[in-house]
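In: Next input, structure requested:
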Amino acid sequence: MNSPWSDPLPLSRYREAPREKGLYLIGASNIDSLPVKAGDSSDLYLGKNFPDNFFMFYAGQSIDGKSTIRKRLSAHARGRGNKYIGALARINYPLFFVTRAGREEAELEVAFLIGIVPPPIFNQRDEMMRSAQRLSREVWAGDSQAEKDHISRQVALGACCA
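Out: Got it, this is the predicted structure:
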């Protein structure tokens, strides 16, 4: 993760998020009386500008299809994304988001999730499995049908003879 985090914005301002692939976090303030603001340090794991006074609820990415960070945040803000984020948005709970644009940033979602203690409380899916399936699709998409047939035969031979 090389690029800095964006400045934190209220989730209601999702229209200001990048129209590109990337990683995003949704959360709230740790201490209500203090603002959520861009951090001024460069944490080795969290990266540059990780927000101060930010309690992370959800980490997400836009990497597949025509999805962008803005579209994903729009879905969350309108209750069509994560059900817990949607429930908080419906009652106007003060939620904030930060982003890191770029496909390479989005691909780091899983690594980011497994290194955070405690993990974001609203991430319910098995992100490791989703990441493995996505990688498998990408690998298979680049193989010719002859290569796929050869690999399938090798796997079948290994399974029967092991």
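In: Spit out the contact partners of residue 53.
Out: By Cβ atoms under 8 Å, 6 or more residues apart in numbering, the residues touching residue 53 are 29, 30, 31, 34, 35, 36, 37. (C-beta placed from N, C-alpha, C; glycine too.)
In: And for residue 93, nearest residue in space, chain neighbours not counted?
Out: With sequence-adjacent residues excluded and distances taken as Cβ to Cβ, 6 or more residues apart in numbering, residue 93 is closest to residue 28, at 6.9 Å.
In: correct me, but the one you found touches residue 55?
Out: Yes. Here residue 28 reaches residue 55: they are 5.5 Å apart, a contact under Cβ atoms under 8 Å.
In: Those two: which has the busier surroundings?
Out: Each of residue 28 and residue 55 has its neighbours counted (other Cβ atoms under 10 Å); residue 28 has more, 17 against 14.
In: Please produce a markdown table containing the contacts of residue 53, extended by neighbour count.
Out: Converted to a markdown table, the contacts of residue 53 look like this (neighbours: other Cβ atoms under 10 Å):
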| residue | neighbour count |
| --- | --- |
| 29 | 19 |
| 30 | 11 |
| 31 | 9 |
| 34 | 10 |
| 35 | 12 |
| 36 | 23 |
| 37 | 15 |
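In: just the helices in the protein please.
Out: Ranges of helices in the chain, per DSSP state H, are 69-77, 83-90, 103-106, 109-115, 127-141, 145-161.
In: Would you single out the least confident of these?
Out: Mean pLDDT is lowest for helix 127-141 among the helices of the chain, at a mean of 58.
In: Outline the domain layout of the chain.
Out: Domains of the chain are assigned by automatic domain parsing as 9-122, 125-162.
In: gap between the nearest residue to residue 76 once chain neighbours are set aside and residue 26?
Out: Nearest residue to residue 76 in three dimensions, chain neighbours excluded: residue 85, at 4.7 Å (Cβ to Cβ, 6+ apart). Residue 85 is 6 Å from residue 26, where distance means Cβ to Cβ, to the nearest Å.
In: Those two: who's more crowded?
Out: residue 26 (28 against 24).
In: hang on, isn't the more buried one packed against residue 54?
Out: No. Assessed by Cβ under 8 Å, residue 26 is found out of contact with residue 54, at 9.9 Å.
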